[in-house]
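Novice: coords please:
(2 chains)
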Amino acid sequence: RKEVEQDPGPFNVPEGATVAFNCTYSNSASQSFFWYRQDCRKEPKLLMSVYSSGNEDGRFTAQLNRASQYISLLIRDSKLSDSATYLCVVTSYGNKLVFGAGTILRVKS
Amino acid sequence: DAGVTQSPTHLIKTRGQQVTLRCSPKSGHDTVSWYQQALGQGPQFIFQYYEEEERQRGNFPDRFSGHQFPNYSSELNVNALLLGDSALYLCASSLVVAESYEQYFGPGTRLTVT
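Specialist: Here you go, the predicted structure:
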């Protein structure tokens, strides 16, 4: 079983749609959680950290459920520029990052 | 504010050769981590350096080695290259005392082994 699992997609959505990605992780000792965004052939860029209380940054909302070992990302009012691969990331044994394989989002006009 | 930089951008090597990749961390950061990203996969942790020592290591063979210099920059060395070593190699920097564990990535070095 992979340590971080994501639905690879692709999710094809129209502009303005709301889309949600889910992720599960297996290591209950994980302490920090993130969503990274990666454009084609570019480096991953930190989108947001994920806190137990949930957090929001503009059109993006992240939630963490430690009991179920589940992380989510909600994108409202999707833009063409949101098209990318979204990587779910957890820390393991210190600050080693463990990445999921990513979920592909395609926003179409 | 200088971000993470890596060199070279692209590299083509032949099986059996050796390669050295370089990374300069974001200004103010003291920790460097290296990741390998194969096509269609998420990045895989290779190792992490802090205070010029390897702190953690992922599931990679000894052919992969590294070094951190007093100015916090780092090198990744891969010996006896295999075709399967073809990937995007990413360097990420962070600040060890920061509790957030946020890491920031450089643009990567795309290595092709033929």
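Novice: quick check: bridge partners of the residue positioned nearest the centre of chain B?
Specialist: Central residue of chain B (C-alpha atoms, centre = their mean): B:W34, 3.0 Å from the mean position. Beta bridges link B:W34 to B:F47, B:C91, judged by DSSP bridges.
Novice: quick one: pLDDT of it?
Specialist: On pLDDT, B:W34 comes in at 97.
Novice: my guess is A:R59 contacts A:S81. True?
Specialist: No: under the criterion of C-beta atoms under 8 Å, A:R59 makes no contact with A:S81, lying 11.1 Å away. Using the backbone N, CA and C atoms, a C-beta is placed for each residue, glycine as well.
Novice: those two: who's more crowded?
Specialist: Using other C-beta atoms under 10 Å in any protein chain shown, the more surrounded residue of A:R59 and A:S81 is A:R59, with 13 against 8.
Novice: ok, for that one, nearest residue in space, not its chain neighbours?
Specialist: A:R76 (4.7 Å; C-beta to C-beta, 6 or more residues apart in numbering or on different chains).
Novice: again with A:R1
Specialist: Using C-beta to C-beta, 6+ apart, the nearest residue to A:R1 is A:S26, at 5.9 Å.
Novice: swap in B:S86?
Specialist: B:V113 (4.8 Å).
Novice: what's the local residue count around that neighbour?
Specialist: Applying other C-beta under 10 Å, I find that B:V113 has 19 neighbouring residues.
Novice: for it, give the beta-bridge partners.
Specialist: With DSSP bridges as the rule, B:V113 is bridged to B:K13.
Novice: which residues does whichever residue of chain B sits closest to chain A contact?
Specialist: Nearest to chain A, among the residues of chain B, is B:G42, at 3.2 Å (C-beta to the nearest C-beta). With contact taken as C-beta atoms under 8 Å, 6 or more residues apart in numbering or on different chains, B:G42 is in contact with A:V4, A:L87, A:F99, A:G100, A:A101, A:G102.
Novice: can you check A:E15 too?
Specialist: A:E15 touches A:S78, A:K79, A:L80, A:V107, A:K108, A:S109, counting by C-beta under 8 Å, 6+ apart.
Novice: so the residue nearest to A:R1 makes contact with A:S68?
Specialist: No: counting by C-beta under 8 Å, A:S26 sits too far from A:S68 to count as a contact (11.9 Å).
Novice: so between the two, which is more surrounded?
Specialist: A:S26 (14 against 8).
Novice: got the contact list for the more buried one?
Specialist: A:R1, A:K2, A:E3, A:V4, A:E5, A:Q69.
Novice: tell me which element the closest residue to A:G54 other than its chain neighbours is part of?
Specialist: Nearest residue to A:G54 in three dimensions, chain neighbours excluded: A:Q63, at 4.7 Å (C-beta to C-beta, 6+ apart). Using DSSP states H and E, A:Q63 maps to strand A:60-65.
Novice: show me what from chain A comes close to chain B.
Specialist: A:4, A:31-32, A:34, A:41-46, A:49, A:87, A:91, A:93-102 (C-beta under 8 Å from any C-beta of the partner chain).
Novice: show me which of these are buried.
Specialist: Listed as buried from those are A:4, A:32, A:34, A:43-44, A:46, A:49, A:87, A:91, A:95-102; burial here means 16 or more other C-beta atoms under 10 Å in any protein chain shown.
Novice: assumed A:S81 was part of a helix.
Specialist: Yes: per DSSP: H, G, I helix; E, B strand; the rest coil, A:S81 lies within a helix segment.
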